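# what's the 3D shape of this:
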Amino acid sequence: MKDYNVEKRVKELHEKLGKITQNKTTTSVGITKEEIGIVGSSEGRLRKTVKKALYDFEIEAKGKSGKHAEEYVIEEAENKKLTLTEIAASRPICIDYQKIIEKKEIKTQTSFSGKKSKKRN
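Numbers count the residues shown, from 1 in each chain. Prediction:
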């Protein structure tokens with residue numbers, strides 16, 4: 001478990017998707033203090049190819065589509081009363097989620113876009 005790297009893992013899982021899907025979606029991976037990995041997609045559910053690649057200690061973050069992948073991961077951790085310690089995303093994180101991640105003191109090595117999300121008004 002100590003070798004679990006969310007940045008590496010998000011790349012591995014996102015690459016399980018077809019090229020068109022990779023360009024249109026975001027994948028996010030988080031790890032909790034309780035050593036549970038949480039994987040989310042901007043589609044609200046993981047595609048079968050990603051789901052099949054999950055480790056035993058990883059769970060899917062689910063919800064209605066239309067949110068950010070990071071949003072699903074953060075909400076899943078909160079719903080399960082888990083403490084998210086680190087998060088990664090397959091593309092730069094928007095300014096709204098940058099603020100949330102910083103406020104919750106979640107570590108990330110994913111770059112921030114510095115831009116407002118197109119999904120947010």
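
# what's next to stretch 107-120, contact-wise?
Applying Cβ atoms under 8 Å, 6 or more residues apart in numbering, the external contacts of stretch 107-120 come out as 7, 10, 66-68, 85-89, 91-98, 101. Every C-beta, even on glycine, is put in place using the N, C-alpha and C of the backbone.

# one more time with 10 Å
Outside of stretch 107-120, the residues within contact range by Cβ atoms under 10 Å, 6 or more residues apart in numbering are 5-7, 10, 28-31, 42, 66-68, 70-71, 84-99, 101-102.

# residues of it that come out buried?
Buried residues in stretch 107-120, counted by 16 or more other Cβ atoms under 10 Å: 108, 110, 112.

# can I get the CA coordinates of the helix or strand bottoming out on mean pLDDT in the chain in PDB?
Least confident helix or strand, the chain: helix 95-103 with a mean of 94, by mean pLDDT, DSSP states H and E. Provided in PDB are the C-alpha atoms of helix 95-103 (Å, rounded to 0.1, in the frame of the first residue of the first chain):
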ATOM      1  CA  ILE A  95     -10.200  26.700  -9.900                       C
ATOM      2  CA  ASP A  96     -13.400  25.800  -8.000                       C
ATOM      3  CA  TYR A  97     -12.000  22.300  -7.100                       C
ATOM      4  CA  GLN A  98      -8.600  23.800  -6.400                       C
ATOM      5  CA  LYS A  99     -10.200  25.800  -3.700                       C
ATOM      6  CA  ILE A 100     -12.100  22.900  -2.300                       C
ATOM      7  CA  ILE A 101      -9.000  20.600  -2.300                       C
ATOM      8  CA  GLU A 102      -6.900  23.300  -0.600                       C
ATOM      9  CA  LYS A 103      -9.700  24.000   2.000                       C
END
